[in-house]
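Trainee: Provided below for reference: sequence and predicted model.
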Amino acid sequence: MNRALRLLRRRLISSIPVLLIVIVGAFFLLELAPGDAADAYLLSIGGGDPALVQALRQSYGLEGSTLSRLWLYLTSLARFDLGWSVTFNRPIAGLIAERLPNTLWLMVGAVGLSFTAGSLLGIVAGSKPGSWRDRLLSTGSLALYAVPSFWLGLVLIVLFSVQLRWFPTSGIETIASGKQGLARARDIAWHLALPVAALGLIYLALFLRMMRAGMAEAWRQDYALAARARGIGPARIAVFHIARNALLPLVTMLGLHAASMLGGSVVIESVFAIPGFGRLAQEAVAGRDAPLLTGIILVSAVLVILVNLAVDMAYAFLDPRVGANEVAA
């Protein structure tokens, strides 16, 4: 436990420069992008005179040099203030607090589905390499991985929402239902079933193939051959000896794909009309809302760092050798 805590402290300290680079990089990239919030507002109302443009830029805090505005933004972040959204005319922290839970529910469900089902199916496929089960699951996972997530989402809507009428077509919960507690949780889970499937099935195929490859390689290792020589059954060897070692690359891949899964939620939220983090980013881009978009990028970076910290802790638990050199140093 002490080793894991020291490793966690090192990872947290090293993540501070990463966040600073993300903030500064996002700020300058948005500054280089054409247009700003004043231009977006003028476009929505059909134009305006120079006096209105000047008043809007002053009201939105767009005057001054880029470095001075960057300094003001960094000092606001030091006070845990993400700024003010010019598109929604409200604090950015409140907007993110409203939308982020919906995206987190979607991501947690997709990660749980893809990692659990992918690992189990990978064990089934890798327990007997070259068998009909292995060939069937490998071919199916390859075909599933080649399907775009938005197309899979549309197919699920047509099949399970329009044809069978089992699930709703859009939204995060029933509008004005008045449900509370467990009833509301069931309603949200009912609405998230298809979005979670659309996002999770793509990564399920990836984890299945990785688990299968890891187990197929592990069967040729000395410890697996020694277990078979002692008369241990193949099923017991696969579950209790090989699966744990083959699980390590999956844990690593989970951290590497955290950012891509967060980006994939943007597409899924658009297909299923979920008011989440991804749709908020779309609205920020449409409104040229640089402070809101910078806040979204910052929170996204924090989420990816937290996921990778959790992966490091899980990896250190599964393999005691991980981080030993860092802690000793």
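Mentor: Sure, I can see it. Numbering: from 1, shown residues only.
Trainee: on the three-state scheme, the residue nearest the centre of the chain is what?
Mentor: Per C-alpha atoms, centre = their mean, the C-alpha nearest to the average position across the chain is that of L262, at 2.7 Å. At L262 the chain is in helix, as set by DSSP: H, G, I helix; E, B strand; the rest coil.
Trainee: ok, and the closest non-adjacent residue to it?
Mentor: Computed as C-beta to C-beta, 6 or more residues apart in numbering, the closest residue to L262 that is not its neighbour in sequence is S300, at 5.9 Å. From N, CA and C alone the C-beta is placed, and that goes for glycine too.
Trainee: tell me who's in contact with the one you found.
Mentor: Neighbouring residues of S300 by C-beta atoms under 8 Å, 6 or more residues apart in numbering: 259, 262, 277.
Trainee: okay, A310: pLDDT?
Mentor: With respect to pLDDT, A310 has a value of 78.
Trainee: state the helix or strand in which it lies.
Mentor: Following DSSP states H and E, one finds A310 within helix 290-318.
Trainee: quick one: mean pLDDT for stretch 160-168?
Mentor: In this model, stretch 160-168 has a mean pLDDT of 88.
Trainee: just send the contacts of S300 back as JSON lines, with pLDDT too.
Mentor: Shown next, in JSON lines, are the contacts of S300 (pLDDT from 0 to 100):
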{"residue": "A259", "pLDDT": "71"}
{"residue": "L262", "pLDDT": "76"}
{"residue": "F277", "pLDDT": "82"}
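Trainee: could you check which helix or strand contains L20?
Mentor: According to DSSP H and E, L20 maps onto helix 2-32.
Trainee: okay, buried residues for that helix please.
Mentor: Across helix 2-32, burial judged by 16 or more other C-beta atoms under 10 Å covers 4, 7-8, 11, 15, 22-23, 26-27, 30.
Trainee: that helix - contacts with which helices or strands?
Mentor: Contact partners of helix 2-32 among helices and strands, from 3 or more C-beta pairs under 8 Å, 6 or more residues apart in numbering; DSSP states H and E: helix 66-78, helix 290-318, helix 324-328.
Trainee: quick revisit: out of the contacts of S300, which is nearest to S76?
Mentor: Using C-beta to C-beta, F277 is the member of the contacts of S300 that lies nearest S76, at 20.8 Å.
Trainee: thought that closest one was touching R99?
Mentor: Yes - F277 is within contact range of R99, at 5.2 Å (criterion: C-beta atoms under 8 Å).
Trainee: tell me the angle the helix holding A310 makes with helix 2-32.
Mentor: 160 degrees (axes from the mean of the first three to the mean of the last three C-alpha atoms, to 10 degrees).
Trainee: roughly how far out does helix 290-318 sit from the chain middle?
Mentor: Averaged C-alpha coordinates place helix 290-318 at 9 Å from its chain's average position (C-alpha atoms, centre = their mean, to the nearest Å).
Trainee: quick one: it to helix 66-78, angle?
Mentor: Calculated by the same axes, to 10 degrees, helix 290-318 forms an angle of 50 degrees with helix 66-78.
Trainee: name the residues of helix 290-318 that come out as buried.
Mentor: For helix 290-318, burial by neighbour count (16+ other C-beta under 10 Å) applies to 290-301, 303-305, 307-309, 311-316.
Trainee: over to stretch 84-103?
Mentor: The neighbour-count check on stretch 84-103 (16+ other C-beta under 10 Å) flags 84-88, 92-93, 95-96, 99-100, 102-103 as buried.
Trainee: and the end-to-end length of it?
Mentor: Chord length of stretch 84-103, first to last residue, is 22 Å (C-alpha to C-alpha, to the nearest Å).
Trainee: mind listing residues that contact it?
Mentor: 37, 40-41, 60, 81-83, 172, 262, 265, 269, 274-280, 283-284, 287, 289, 291-292, 295-296, 299.
Trainee: what mean pLDDT does that stretch get?
Mentor: Rounded mean pLDDT across stretch 84-103 is 85.
Trainee: how about low-confidence regions in the chain?
Mentor: Residues of the chain that meet the criterion pLDDT under 70 lie in 1-4, 34-62, 64, 129, 176, 218-224, 234-235, 237-244, 246, 315-329.
Trainee: packing partners for the longest helix belonging to the chain?
Mentor: In terms of residue count, the longest helix belonging to the chain (DSSP state H) is helix 181-218. When contacts are defined as 3+ C-beta pairs under 8 Å, 6+ apart, helix 181-218 packs onto helix 92-127, helix 132-145, helix 149-156, helix 243-256, helix 258-271.
Trainee: out of the ones you listed, nearest to F207?
Mentor: Here helix 92-127 is closest among the helices and strands packed on helix 181-218 (C-beta to C-beta), at 2.9 Å.
Trainee: next one: the closest one to chain centre, how far?
Mentor: 8 Å.
Trainee: and the angle from that helix to helix 132-145?
Mentor: 150 degrees.
Trainee: just give me the closest of the buried residues of helix 2-32 to R133.
Mentor: Closest to R133, out of all of these and judged by C-beta to C-beta, is A4, at 37.3 Å.
Trainee: about what we covered before: mind putting the helices and strands packed on helix 181-218 into CSV with distance to G214?
Mentor: Formatted as CSV, the entries for these read as follows, by distance: least, C-beta to C-beta, whole Å:
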stretch, distance to G214
helix 92-127, 7
helix 132-145, 13
helix 149-156, 25
helix 243-256, 3
helix 258-271, 20
